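> Sequence first, then the predicted structure:
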Amino acid sequence: MDSYKKSRRKSIIAWIIAFVLAIGAAIVSFTPFIFMVLNSFKEKFEMLTKGVFQLPDQLNWSNYTEVLTGGFANYFKNSVIVLAISLILLLFISACASYPLARFKFKMAQPIYAIIVACMSIPVHITLIPVFKMSKSTGLYDTIWSLVGPYVAFAVPISVFILTSFMKEIPREIEESAEIDGCGKIQMFFSMILPLSKPGMATLAIYNGVNMWNEFSFVNTLTQSAQNRTLPLAIWEFQGQYSMNTPMIMAVLTLTLLPMVIMFIIFQDKLVKGMTAGAVKG
């Protein structure tokens, strides 16, 4: 009886500690977001004359109106196009590469997998100059298409690493049953392996999507004109245009962050399912 009380007491204490830590993490995570949204509705000098966490005297929607009519829509369109094309290519290439590495047995499987994993250690920024020269020589410089290649290439190693681990968890009995019914490898990949890998691919889409949406270095290096730049450069240019108008900059940040928040809310169940189903097992 005493041991049961002690274990129950330890369990209660553990739950209390976990709850306190969760509340603390939530406060740390939400405080910058609340700060940003509150100040995006303030007048130009209201943030300086009053507390930064004080509610605005009135909701100043003119900040958002001016941002949306100031070229923000073009930045947003470019980001959506680059993100959509990059993710589609990335998921397809990663799935095609992960399938043989996870399900086939051949001599070069381990060396190829080791090389792909080793590519994860390459710092992205040391490739800026070669990628810049390549985009110039191919005529892609200062176009949104110059961003697709680097985004896909540098996301493939981590994606293949995660997706290979996920596909290895799929029971082989499913493939054996399909082979008995006359299902070929390609048909099995598209009709069975890909549908069963949806949680892992959703995890990759969210993880890589956030990185691509917020990427700054390649956009700054490979694009020059405003009509070909994406949202991270919009924040940079709006900051210069409205250097003394902090609420306006907060409005730009809020509009930039909003799509990722909505995407995470919609797909959070798939993200959790993908992570707990073995997508990050090594």
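Received the coordinates, thanks.
> burial count for residue 98?
26 (other CB atoms under 10 Å). In short, each C-beta sits where N, CA and C put it, glycine included.
> Helices along the chain, start to end?
In the chain, the helices defined using DSSP state H lie at 2-40, 46-49, 62-67, 73-103, 109-118, 128-137, 145-168, 172-180, 185-188, 194-196, 198-214, 217-222, 231-241, 246-274.
> Need those in JSON lines (columns: mean pLDDT).
Output for the helices of the chain, formatted as JSON lines (pLDDT from 0 to 100):
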{"stretch": "helix 2-40", "mean pLDDT": "82"}
{"stretch": "helix 46-49", "mean pLDDT": "75"}
{"stretch": "helix 62-67", "mean pLDDT": "85"}
{"stretch": "helix 73-103", "mean pLDDT": "92"}
{"stretch": "helix 109-118", "mean pLDDT": "89"}
{"stretch": "helix 128-137", "mean pLDDT": "91"}
{"stretch": "helix 145-168", "mean pLDDT": "91"}
{"stretch": "helix 172-180", "mean pLDDT": "78"}
{"stretch": "helix 185-188", "mean pLDDT": "82"}
{"stretch": "helix 194-196", "mean pLDDT": "86"}
{"stretch": "helix 198-214", "mean pLDDT": "87"}
{"stretch": "helix 217-222", "mean pLDDT": "90"}
{"stretch": "helix 231-241", "mean pLDDT": "74"}
{"stretch": "helix 246-274", "mean pLDDT": "79"}
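> Turn those helices into a markdown table, columns for distance to residue 56.
As requested, those are exported to a markdown table (distance: least, CB to CB, whole Å):
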| stretch | distance to residue 56 |
| --- | --- |
| helix 2-40 | 7 |
| helix 46-49 | 6 |
| helix 62-67 | 10 |
| helix 73-103 | 25 |
| helix 109-118 | 50 |
| helix 128-137 | 41 |
| helix 145-168 | 36 |
| helix 172-180 | 57 |
| helix 185-188 | 58 |
| helix 194-196 | 48 |
| helix 198-214 | 27 |
| helix 217-222 | 32 |
| helix 231-241 | 20 |
| helix 246-274 | 9 |
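> Among those helices, single out whichever gets nearest to residue 55.
The closest of the helices of the chain to residue 55 is helix 2-40. By CB to CB, the value is 6.8 Å.
> helices or strands up against the closest one?
Packing partners of helix 2-40 (3 or more CB pairs under 8 Å, 6 or more residues apart in numbering; DSSP states H and E): helix 246-274.
> now the helix it packs on, how far from the centre of its chain.
10 Å (CA atoms, centre = their mean, to the nearest Å).
> so that helix versus helix 145-168, what angle?
30 degrees (axes from the mean of the first three to the mean of the last three CA atoms, to 10 degrees).
> the inter-axis angle of helix 246-274 versus helix 198-214?
Using the same axes, to 10 degrees: helix 246-274 against helix 198-214 is 160 degrees.
> tell me what helix 246-274 is packed against?
Partner elements for helix 246-274 (3+ CB pairs under 8 Å, 6+ apart): helix 2-40, helix 46-49, helix 62-67, helix 198-214, helix 231-241.
> could those be laid out in CSV, adding distance to residue 180?
CSV is the format used below for the helices and strands packed on helix 246-274 (distance: least, CB to CB, whole Å):
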stretch, distance to residue 180
helix 2-40, 48
helix 46-49, 69
helix 62-67, 60
helix 198-214, 25
helix 231-241, 51
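> Alright, I will stop here.
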